Each structure stands twice: as C-alpha cells, then as structure tokens.
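Chemist: dropping a prediction and its sequence here:
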Amino acid sequence: MKYVSYLFFLLFALNAFSQGLSNIAEYDTIFLVLPQNNEFKNIELNFKDFKLSYMGTKTYGSIQYSFNDLASNGKISLNTQDDSSSPYMVKNNITVKGSKFLKTHKNNIITLKEIEKYGYRKLFYETLKVQNRKLHKYYVIYEGDLKKKTIILRQTHPYSFD
C-alpha cells in the first residue's frame with residue numbers, strides 16, 4: 001500500500017510539472033524576471049544546465065543578457081534599454097502598477113529559478129520555441145522592480161544561436 005501511494009504521488013507530480021510548461025506556451029506574452037546591472041562589468045551566474053552572463057551600461061541604460069547552454073553551444077541573447085527622451089529612440093517600455101500586474105500575470109512570469117527547474121533547453125527551445133520570434137512577445141522585469149509600486153516592463157527580442 002505504501003508503494004501505491006508513492007506511485008500516485010509521483011504520477012501527480014509529473015502531471016503538474018508538465019501542465020506548468022504547457023500553460024506557459026499558451027501565453028502570447030512572456031515576462032522574464034532578471035537581475036539588473038547598471039555598472040559596466042560582466043557578471044556571470046552559473047546554474048545546473050546554463051550560464052547567465054549580463055553586462056549593463058549606465059550611459060545608455062541598457063543591459064545585454066546571454067543564456068549559454070552548458071550541454072551544447074546554444075545561446076540566447078537579449079537586450080533591454082530604458083526609454084530615452086530622444087525623438088530618435090523607439091519607446092517600447094511599459095509602466096504598470098506592481099501588485100495588480102503580478103496577480104494578473106503570475107502564470108506567465110518566468111524567474112531564473114523556474115528556468116533552472118524546467119531546464120533551459122526544454123523551456124526556451126521546446127516549450128517557447130524561441131527560434132520563432134513571432135510566437136511570443138517578451139518583456140524583462142528587473143528583480144529589484146518587483147518590490148516597487150510600479151514596474152517597468154522592458155520589451156526585448158531574444159535571438160537564438162544554436
């Protein structure tokens with residue numbers, strides 16, 4: 001009887017895990033919560049199957065992120081940029097009310113922990129199909145903004161190099 005209950009729990013856990021990934025793929029907009037770096041220095045974070053490196057610049061208010069697959073040469077790059085007062089810069093950032101936004105979009109917000117949990121390749125390549133840039137819109141939310149009353153959503157376009 002003990003083994004039957006373990007088997008039931010295992011089947012339930014696997015079903016719940018796969019359900020989370022399929023739900024993420026259904027959304028047309030994906031929000032990635034990533035760290036912010038306003039200094040001009042390269043920072044690297046290592047996870048079990050990928051490495052995240054990012055470098056920011058205060059001058060242009062931009063950050064370049066690179067997800068590197070540790071099992072192969074796969075790489076996904078994306079950039080964020082703060083809106084500028086210059087008429088030549090495209091305005092693509094959106095400001096939203098923090099708590100209301102987080103409640104409404106909790107299912108299509110992806111953190112680094114979730115990327116590690118689902119697996120880099122499985123999430124980006126198999127579920128979100130990041131190679132096809134027309135499937136989803138992507139926005140980056142800086143981790144520090146999650147605690148603020150307003151959150152800035154920075155539009156980005158991931159580039160896949162596989």
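Modeler: Structure's in. What do you need?
Chemist: neighbours around residue 159, how many?
Modeler: A count of nearby residues for residue 159, using other C-beta atoms under 10 Å, gives 14. For glycine as for every other residue, the C-beta is placed from the backbone atoms N, C-alpha and C.
Chemist: likewise residue 156?
Modeler: Number of residues near residue 156 (other C-beta under 10 Å) recorded here: 21.
Chemist: so which residues of the chain form helices?
Modeler: Listed in chain order, the helices of the chain (DSSP state H) span 2-26, 98-104, 112-118, 120-121.
Chemist: mean confidence for the first one?
Modeler: Read it as helix 2-26. In this model, helix 2-26 has a mean pLDDT of 51.
Chemist: list the contacts of residue 97.
Modeler: By C-beta atoms under 8 Å, 6 or more residues apart in numbering, the contact set of residue 97 is 149, 150, 151.
Chemist: helix or strand with the lowest mean pLDDT in this protein?
Modeler: Lowest by mean pLDDT, DSSP states H and E among the helices and strands of the chain is helix 2-26, with a mean of 51.
Chemist: name whatever forms a beta bridge with the spatially most central residue of the chain.
Modeler: Residue closest to the average C-alpha location in the chain (C-alpha atoms, centre = their mean): residue 32, at 2.7 Å. Residues in a beta bridge with residue 32, per DSSP bridges, are residue 110, residue 140.
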